[in-house]
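Generate coordinates for the sequence data below:
(one chain, ligands or ions: 1)
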Amino acid sequence: MSLQLGDVAPDFTAETTEGKINFYEYLGDGWGVIFSHPADYTPVCTTELGRTAALQNEFDKRGVKVIAVSVDGLDSHQGWKKDINETQNVNVQFPIIADPDKTVANLYGMLHPNSLATATVRSLFVIGPDKKIKLMIVYPASTGRNFNEVLRVIDSLQLTANYNVATPADWQYNDEVVVGTSISTEDAIMKFPKGVREVKPYLRFTPQPEGN
Ligand code: BEZ
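As a prediction, the model looks like this:
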């Protein structure tokens, strides 16, 4: 049975470019992103890991630990990391898991043989402080991911974990949010001092409760 939203993220211990890591210890009490890419020394993957490294401050700001995985070995990862740093003008600091025996890939269902025969597809999981899976996205090998979208969803997940709100289509940080459907408009007005805009009884907006 494959992993689903709300499931507990499987723990593991693996060799990485930053030494042996236990996943749960690495995550600590914070948020995490684990993402797979098909293979080292391939163009799209090089840009993806470079982009993630360039966004390291953004992940840090949100208290999110990032870890990458592919079914290549450690020597390959170490050599490729140098290429990523050189060609993408970054300093990759997050660990890249060496998973030649596909232990982590199998735990997370990152192998989709009908899509890509031998390697992991582009799977990405966001894991909450409770170690539960909050987001799963799967892209084919031919399409590099949008890491700004990953950050946008993390902003939404962190906001909606703290307030009874949801984020509407194309929401960006500091945009209005949707009042949770379980709250009456009367209660919402008390709960959200910045104001409530009722478009329909089931469609109420309020300014983002936190932020700048
Ligand atoms: C790439 O990262 O460029 C890639 C990897 C596997 C298959 C196709 C493209």
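
which parts of this protein sit against the ligand?
38, 39, 42, 43, 44, 45, 141, 142 (Cβ under 6 Å from any ligand atom). Just so you know, the C-beta spots here come from the backbone N, C-alpha and C atoms, and that holds for glycine as well.

By neighbours, which of these wins?
residue 45 (23 neighbours; other Cβ atoms under 10 Å).

Thought residue 35 was touching that one, still the case?
No. Between residue 45 and residue 35 no contact is recorded; they are 10.4 Å apart, counting by Cβ atoms under 8 Å.

I'd say residue 210 and residue 159 touch.
Yes. With contact defined as Cβ under 8 Å, residue 210 reaches residue 159; the gap is 7.0 Å.

can you give me the helices in the chain?
Remark: helices assigned in the chain by DSSP state H are 23-27, 43-54, 56-61, 74-88, 103-107, 147-162, 185-191.

would you turn those helices into TSV with mean pLDDT?
Below are those laid out as TSV (pLDDT from 0 to 100):
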stretch	mean pLDDT
helix 23-27	98
helix 43-54	98
helix 56-61	98
helix 74-88	98
helix 103-107	97
helix 147-162	97
helix 185-191	94
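
Dump those helices into JSON lines; add distance to residue 173 as well.
Putting the helices of the chain into JSON lines (distance: least, Cβ to Cβ, whole Å) gives the following:
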{"stretch": "helix 23-27", "distance to residue 173": "23"}
{"stretch": "helix 43-54", "distance to residue 173": "18"}
{"stretch": "helix 56-61", "distance to residue 173": "11"}
{"stretch": "helix 74-88", "distance to residue 173": "25"}
{"stretch": "helix 103-107", "distance to residue 173": "31"}
{"stretch": "helix 147-162", "distance to residue 173": "5"}
{"stretch": "helix 185-191", "distance to residue 173": "21"}
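
coming back round to it: more neighbours: residue 210 and residue 159, which one.
residue 159 (19 against 10).

ok, now which ones touch that one?
Residue 159 sits next to 165, 167, 177, 208, 209, 210 when contact means Cβ atoms under 8 Å, 6 or more residues apart in numbering.

PyMOL command for the buried members of those?
Selecting only the buried entries of those in PyMOL, with 16 or more other Cβ atoms under 10 Å as the criterion:
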select buried, resi 165+167+177+208
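
What is the nearest of the contacts of residue 159 to the ligand?
residue 167 (30.3 Å; Cβ to the nearest ligand atom).
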